[in-house]
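*Asks:* Here's my sequence, what's the structure:
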Amino acid sequence: AKEIRDVIIAMTNRSDLGYLGPIPEVAQEFSKYSKRYWDWDIAKPQLKLATDVGVAAVEILRVLTNPGDKVLVNFPVYSSIQAWIAEVGCVPHDAPLIREGEIWKLDLAAIEAAFESGVKVYMLCSPQNPVGRIHTREELAAVAKLARKYDAVVISDEIHAPLSWEKFTPYLALGEDAELTGVVINSSSKAWNTAGLKAAFLITQSEVMAQKLKGMPEAMHWRTSLLGGFAMAASFGAATDWLDKTVAEIKSNYEFLKTELSAQLPKARVAHMNCTYLAWIDLSEYDIEDPAKEILHTGRVSLVPGVDHGGGELYRKFVRLNFATSRDRISEAVRRMALVLEGKN
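*Replies:* A predicted model of the protein is given here:
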C-alpha cells in the first residue's frame, strides 16, 4: 500500500534507521482497527511487540510448556505451527477438523477430550489455514468455556483475520472465559504483504493471562524491526482502504478459481472459504497417488502438498493453491493441472 511505502521512504530519507524504541502507535492504530472491523476493545497496555507471529508463538510456548508436553492442534493446519511446537520440544495432539460437505469445522468433542486427558495448551489457527474458514463465534465461545473448565490456555493465531470477507470474531472479544484463558498473536504482515519487515504482536486481555506470560523475554520487543513496527501502525491506521480493495479482489479470485476448476477439473472439491487467498483442494477423485508431486513434475505448477498440513497420509491427495495473483495465472495453473489430472490440453 502507498501509505506503507510512504512511511518507509520518509524514515529512510530522515535516516531514522537506528534502534527500536517504544512504538505506542501500534496499539493505538490496532485498537481503532479492531473496534471498527470486529467491535473488539483491546487492552492496549497488554499489547507487546514481537519479531513475527512465529517468534511470538514459540516464546509463549516456552513459558507455558515443558519439553515433552502435548500441544493441541487441529489438522489440517498451517505447517509452521508444527515446527513451532517442535522447536520447544513439545508434540502436537490432533483434534482434527470435521468435514461437513466442503465446510471444515472444529470438533468440540475432540477438543474437550484432549483437555480432559491433560493437554493444557491449544494452538488455535483462527481463521484456519489451509481451509480458509472463519470459526464461528459460537464455536469459539464453546472453546473458551472448555479452556476455562479445564484450566487450559488458548494461543489464537489470527494473522489471516484482516483478510476475511465475512464476520470474524477475535478470541479475546468473547468475554470473560476467553479473557482468562487466551492470548492472541497477530501482525499486519500477511494482509498487507510485508512479512520481510519482521513485526508482529501478542495481546492478552486480563491480568490473569498477563501474569501467566510474565516469564517471556523483555528483549522480544527490541528484536522487532523499527521499520516493521511503524509499517504495522500505518497498515492498521492509514492503509485500510487498500486492504478493503484487496480483500474484494481476493474474494472475486476465489469465485473465479471455483469456476475454472468446475469447468476443467470437475472432480476437484474446493473447501468453502470466507477468508484469505489459499484454497484447500481435494483431488482424491483422481487416480494419482501424489497429486502435488505429479502436478509439479509434469504440469510445472507448484502447490503446497496436503501432507505438509499434518494428519500423516490423510491429506496426501489434497493441495493448497495460492490464488493471490492474476486471473490469467489462475487460468493457466488450472489448465496445467487439468493436463495432468484430466489429460486435457
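
*Asks:* Enumerate the positions of stretch 217-230 that are buried.
*Replies:* Neighbour-count burial for stretch 217-230 flags 220, 221, 224, 225, 226, 227, 228, 229, 230 (criterion: 16 or more other C-beta atoms under 10 Å). The way it works is simple: take the backbone N, C-alpha and C, and place the C-beta from them, glycine included.

*Asks:* wait, what's in contact with the fourth one?
*Replies:* Under the criterion of C-beta atoms under 8 Å, 6 or more residues apart in numbering, the neighbours of residue 225 are 20, 51, 197, 198, 199.

*Asks:* can you count the residues close to residue 249?
*Replies:* Residues contacting residue 249 under the criterion other C-beta atoms under 10 Å number 13.

*Asks:* Figure out the helix or strand that residue 232 lives in.
*Replies:* Using DSSP states H and E, residue 232 sits in helix 226-238.

*Asks:* and what of residue 279?
*Replies:* Using DSSP H and E, the element containing residue 279 is strand 278-282.

*Asks:* For that strand, what does the pLDDT average out to?
*Replies:* For strand 278-282, mean pLDDT rounds to 98.

*Asks:* Could you report the neighbour count for residue 300?
*Replies:* Other residues near residue 300 number 11, with proximity taken as other C-beta under 10 Å.

*Asks:* mind starting the numbering at 225 from now?
*Replies:* Got it, first residue is 225 now, which makes that one residue 524.

*Asks:* correct me, but it touches residue 560?
*Replies:* Yes. Using C-beta atoms under 8 Å, residue 524 is in contact with residue 560, at 6.4 Å.

*Asks:* that older thread, out of the contacts of residue 449, who's nearest residue 474?
*Replies:* Set against residue 474, the nearest of the contacts of residue 449 by C-beta to C-beta is residue 421 (20.8 Å).

*Asks:* Take the buried residues of stretch 441-454 and write them to JSON lines, including distance to residue 378 and pLDDT.
*Replies:* Written out in JSON lines, the entries for these read as follows (distance: C-beta to C-beta, whole Å; pLDDT from 0 to 100):
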{"residue": "444", "distance to residue 378": "20", "pLDDT": "91"}
{"residue": "445", "distance to residue 378": "23", "pLDDT": "93"}
{"residue": "448", "distance to residue 378": "24", "pLDDT": "95"}
{"residue": "449", "distance to residue 378": "27", "pLDDT": "96"}
{"residue": "450", "distance to residue 378": "31", "pLDDT": "97"}
{"residue": "451", "distance to residue 378": "31", "pLDDT": "97"}
{"residue": "452", "distance to residue 378": "26", "pLDDT": "97"}
{"residue": "453", "distance to residue 378": "26", "pLDDT": "97"}
{"residue": "454", "distance to residue 378": "30", "pLDDT": "98"}
